[in-house]
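[1] Please find the sequence and the predicted model below.
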Amino acid sequence: MSYVLAFSATEPAELWAEAAAAAEALVAGEPDGIANMANVAALIWQAIPDLNWAGFYRFDGRELVLGPFQGKAACIRIALDKGVCGAAARARETRRVEDVHAFPGHIACDGDSRSELVVPIVAGERLIGVLDLDSPLPARFTAEDQAGAEALVARIATALAG
Ligand code: SME
C-alpha cells in the first residue's frame, strides 16, 4: 500500500490544516507509535517548506531518545536540561526559537539550522516526546506555524504514543 499525499495550500495556516488532516488519516487505525512517527515525519518533510530536519524525539522516562526523522543524522540522546528539545519537553510547552545561536544550550546537530520549533507531545498526562522542526532560514517559524504544528500534534498525540 502506498499513500499519495498532495498539498495545495499556499497560506501557512491552511497548509498546516491540510497536513494535520493528512496526518490524522495516515495514523488512523495504526497502533504502532514509531511507525506513525515515521510517516508523520515524512509527511511534514513533504508538506512544509524550508526545513532541514523534521522528526521526533521519544521520552523514555528519563531523557529524550532520537526517533523517526527526515534530514541529517542527529544527536541520539538529549537530557531534559539540554537544548531546545529538552526545554520544550521539560516545560511541556512549545519552544519557538528565531535564532538558535542565541538560545543558551542549543544543541547543533546540523550546522545548517538557524531556527527551530519544538512541540511537546503529551497524551493524557504522559510526556511522549517532542516534534522537532529545524530550518536553515533565520526566524523561519511564525506564530501561525506554531499554532499549526501544535494542532497537528494534538490531533494525533494518542497515535504517536503507541
Ligand atoms: N537542536 C536541538 C537538537 C536536536 S537537532 O536539531 C535534530 C536542540 O537544541 O534541542
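    Here it is on my side, so go on.
[2] When you work out contacts or count neighbours from here on, use the C-alpha atoms and nothing else.
    Fine.
[3] buried stuff in stretch 73-93?
    Of the residues in stretch 73-93, 78-80, 82-90, 92-93 count as buried by neighbour count, 16 or more other Cα atoms under 10 Å.
[4] Among those, which are located in strands?
    residue 78 (DSSP state E).
[5] List just the nearest of the buried residues of stretch 73-93 to residue 157.
    Taking Cα to Cα as the measure, residue 92 is the one of the buried residues of stretch 73-93 closest to residue 157, at 13.3 Å.
[6] In contact with the spatially closest residue to the closest one that is not a sequence neighbour: list those residues for me.
    Spatial nearest neighbour of residue 92, chain neighbours left out: residue 120 (5.5 Å); criterion: Cα to Cα, 6 or more residues apart in numbering. Going by Cα atoms under 8 Å, 6 or more residues apart in numbering, residue 120 touches 88, 89, 92, 93, 94, 127, 128, 129, 130, 131.
[7] Now the residue sitting nearest the centre point of the chain: phi and psi?
    Central residue check for the chain by Cα atoms, centre = their mean: the C-alpha nearest the mean position is that of residue 131, 2.3 Å away. Its backbone dihedrals place residue 131 at phi -100, psi 130, with angles given as degrees, to the nearest 10.
[8] So for it, what's the nearest residue that isn't a sequence neighbour?
    Among residues not flanking residue 131 along the chain, residue 56 sits closest, at 4.7 Å (Cα to Cα, 6+ apart).
[9] and the next element down the chain from the helix or strand hosting the one you found?
    Assigned by DSSP states H and E, residue 56 belongs to strand 53-59. Helices and strands here follow DSSP H and E; after strand 53-59, the next one along the chain is strand 64-71.
[10] Okay, and which of the contacts of residue 120 map to helices?
    88, 89 (DSSP state H).
[11] of the contacts of residue 120, closest to the ligand?
    In terms of Cα to the nearest ligand atom, no member of those lies closer to the ligand than residue 88, at 8.5 Å.
[12] Can you name the residues bridging to residue 129?
    Residue 129 has these beta-bridge partners by DSSP bridges: residue 58, residue 121.
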